[in-house]
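Asker: structure for this input, please:
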Amino acid sequence: VLSLASIVDTNTTPSTTTKRIALVTGANKGIGKEIVRLLGKEKDIITILTCRSPDPSVLENIINDLQEKDACTDLHFIPSPVDLTKPDKFDATVRKFIEDNFDGRLDILINNAAVCFNDPTLYGAVEFTPFEQQARISVDTNFWGTWRLIQSLTPCLDRSSAPRLINVASAAGRLGILKSKRLIERFTSDELTIVEIERSMREFVEVVENGTHRDGGWPDTCYGMSKLGVIALTRVLAREHGRWMCNTVDPGYCATDQNQNQGNRPAARGAVTPFLLASLPDDQFHSGLHWFDEQTIEWSYNQF
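Answerer: From the prediction side, this is the model:
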């Protein structure tokens, strides 16, 4: 169980070289912005904001607002858009920014950015996208974009004395969406490899696009499958990178633009656990776990 009491408060202000460097994707609104708001109050953390907007004033204005209203400090932003659908630009934008400004070191990576197609009958204001067209953009953005950013920033994380990877996931990615015992066993195997995850995510897109996904027990949710892939990926990364603290977080059904603000809890509530995992002292090491409301939770959500 995580709590604010876990965070050590020091009276001394750390030097720039001893402060931890954090990067948050999708930091311009919703849960991402709320994570930044919390990190910005920590005197030993420097926070880098990114988003996909091509207008640098978007993040600049957010930083000014957080500094003025919340006394946040040490906030920086990458002026180039960080779009998960354009991973070929990560090295020249994100990694270069860290290399130029922070000696190539990144201590905390919080992957929050994602895309979600919603049922237009639920909210009435969402442009309809046929299911077979949702798979590729959902998986390309939420799974491949997240994974490619992790790969791009792996050298930066490896320069940290205590690297942390926090991937914002969702209950939509719970194991129960898989309708095949074979698929469940595949994704939960202790021998699962990243190559196998990548192959599975490509397979999902293929069978959705040709209309045969149900035959193999694949789910009727592209967003959920993309997040299930992220959870599986994070578990394997925890196994392969023993020094890294790798975790996924279900923030709950927060009211954000992604769901036309129909969520049943504020984005600020969903930001708490990612923040706590980012700011824990180094001697509190948790890895390969899935979290909800400051507690670990089974990936199955106790459905079976």
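Asker: which parts of the protein are helices?
Answerer: 30-39, 57-70, 90, 96-102, 120-123, 131-138, 146-158, 181-188, 194-209, 222-240, 267-270, 272-279 (DSSP state H).
Asker: so which of those is the most surrounded?
Answerer: helix 30-39 (a mean of 26; mean count of other C-beta atoms under 10 Å). Where C-beta positions appear, they are placed from N, C-alpha and C, glycine not excepted.
Asker: that one packs against which elements?
Answerer: Using 3 or more C-beta pairs under 8 Å, 6 or more residues apart in numbering; DSSP states H and E, the elements in contact with helix 30-39 are strand 20-24, strand 45-49, helix 57-70, helix 267-270, helix 272-279.
Asker: re earlier: mind putting the helices of the chain in a markdown table, mean pLDDT included?
Answerer: Formatted as a markdown table, the helices of the chain follow (pLDDT from 0 to 100):
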| stretch | mean pLDDT |
| --- | --- |
| helix 30-39 | 96 |
| helix 57-70 | 96 |
| helix 90 | 98 |
| helix 96-102 | 98 |
| helix 120-123 | 46 |
| helix 131-138 | 92 |
| helix 146-158 | 98 |
| helix 181-188 | 98 |
| helix 194-209 | 98 |
| helix 222-240 | 97 |
| helix 267-270 | 92 |
| helix 272-279 | 97 |
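Asker: can I get those helices in TSV with distance to residue 19?
Answerer: Listed next are those as TSV, based on distance: least, C-beta to C-beta, whole Å:
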stretch	distance to residue 19
helix 30-39	11
helix 57-70	17
helix 90	23
helix 96-102	9
helix 120-123	41
helix 131-138	36
helix 146-158	15
helix 181-188	37
helix 194-209	31
helix 222-240	25
helix 267-270	24
helix 272-279	12
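Asker: wait, which of those helices is closest to residue 174?
Answerer: helix 222-240 (7.5 Å; C-beta to C-beta).
Asker: for the closest one, packing partners?
Answerer: Using 3+ C-beta pairs under 8 Å, 6+ apart as the contact criterion, the elements in contact with helix 222-240 are helix 131-138, helix 146-158, strand 164-168, helix 194-209, strand 245-250.
Asker: can you do 10 Å?
Answerer: The helices and strands touching helix 222-240, judged by 3 or more C-beta pairs under 10 Å, 6 or more residues apart in numbering; DSSP states H and E, are helix 131-138, helix 146-158, strand 164-168, helix 181-188, helix 194-209, strand 245-250, strand 289-292.
Asker: am I right that residue 81 is in contact with residue 26?
Answerer: No: contact criterion C-beta atoms under 10 Å: residue 81 and residue 26 do not qualify, at 11.8 Å.
Asker: looking at those two, which is more packed in?
Answerer: residue 26 (25 against 16; other C-beta atoms under 10 Å).
Asker: quick one, grab the pLDDT at the more buried one.
Answerer: Looking at residue 26, its pLDDT stands at 95.
Asker: ok, it touching residue 35?
Answerer: Yes: checked against C-beta under 10 Å, the pair residue 26 and residue 35 is within contact range at 9.2 Å.
Asker: what is in contact with the two at once?
Answerer: Here residue 26 and residue 35 share the contacting residues 49, 110, 112, 168, scored by C-beta atoms under 10 Å, 6 or more residues apart in numbering.
Asker: next, format the residues you listed as a markdown table and append neighbour count.
Answerer: Listed next are those as a markdown table, based on neighbours: other C-beta atoms under 10 Å:
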| residue | neighbour count |
| --- | --- |
| 49 | 28 |
| 110 | 28 |
| 112 | 26 |
| 168 | 27 |
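Asker: now tabulate those residues in a markdown table and tack on pLDDT and distance to residue 228.
Answerer: Putting the shared contacts of residue 26 and residue 35 into a markdown table (pLDDT from 0 to 100; distance: C-beta to C-beta, whole Å) gives the following:
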| residue | pLDDT | distance to residue 228 |
| --- | --- | --- |
| 49 | 98 | 27 |
| 110 | 98 | 19 |
| 112 | 96 | 17 |
| 168 | 98 | 14 |
